[in-house]
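1. Sequence unavailable; structure follows:
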């Protein structure tokens, strides 16, 4: 009897683990920027965001206000993760330390219908307001944890 209950408990635990939430990360390091973004989405209907954080270094000396930024959930303005496709938009409204400039980072990665543990895509980075507008694009590598 006890053996049967232990086996049943083990099977139920394994079934719960198979339905775990997905955690994704993306990173890039090129001449314009270096960043890492980490997000987590619930596995149930709606794929609700349950975790987001990131860090960015803009390498252009003229963009010193955004030289180093840390992102949290409130900076993630748009997100989509479904069936192998990932879209993230990070918006930093700046503040007193940026002289009125804003930052917009968009990551588009993966391919719909082709989920994979590791996948690639592109990013676009835009800084507007303040002094001189800035735009950069590059490649990004993403994966699951």
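-> Received, thanks. All of these numbers come straight from a predicted model, not from anything done at the bench.

2. Would you map the helices across the protein?
-> Assigned by DSSP state H, the helices in the chain fall at 2-18.

3. For the protein, give me the ranges with low pLDDT.
-> 1-21, 45-47 (pLDDT under 70).

4. So which residue is dead centre in it?
-> residue 37 (4.0 Å; Cα atoms, centre = their mean).

5. ok, that one touching residue 73?
-> No. Counting by Cβ atoms under 8 Å, no contact exists between residue 37 and residue 73, whose distance comes to 11.6 Å. C-beta: built from backbone N, CA, C; applies to glycine.

6. and for these two, which residues touch both?
-> Common neighbours of residue 37 and residue 73 (criterion: Cβ atoms under 8 Å, 6 or more residues apart in numbering): 52-53.

7. Sketch out the strands for the protein, chain order is fine.
-> Counting by DSSP state E, the segments of the chain that form strands are 22-29, 33-41, 49-58, 68-72, 76-82, 85-92, 102-110, 118-128, 134-144.

8. Give me the buried positions along the fifth one.
-> By 16 or more other Cβ atoms under 10 Å, the buried positions in strand 76-82 come out as 76, 79, 81.

9. contacting residues around residue 62?
-> Residue 62 neighbours (Cβ under 8 Å, 6+ apart): 131-132, 134.

10. looking at these, which has the most residues close by?
-> residue 134 (18 neighbours; other Cβ atoms under 10 Å).

11. just checking, that residue touches residue 63?
-> Yes. If you go by Cβ under 8 Å, residue 134 and residue 63 touch, sitting 5.4 Å apart.

12. residues shared between the contacts of these two?
-> residue 127.

13. how much space is there between the closest residue to residue 50 other than its chain neighbours and residue 22?
-> With Cβ to Cβ, 6 or more residues apart in numbering as the criterion, residue 50 has its nearest non-adjacent residue at 5.0 Å, and that residue is residue 40. Separation of residue 40 from residue 22 (Cβ to Cβ, to the nearest Å): 7 Å.

14. circling back to that earlier point, so what's the residue nearest to residue 50 bridging to?
-> Residues in a beta bridge with residue 40, per DSSP bridges, are residue 23, residue 51.

15. what's near enough to touch it?
-> 21-24, 49-52.
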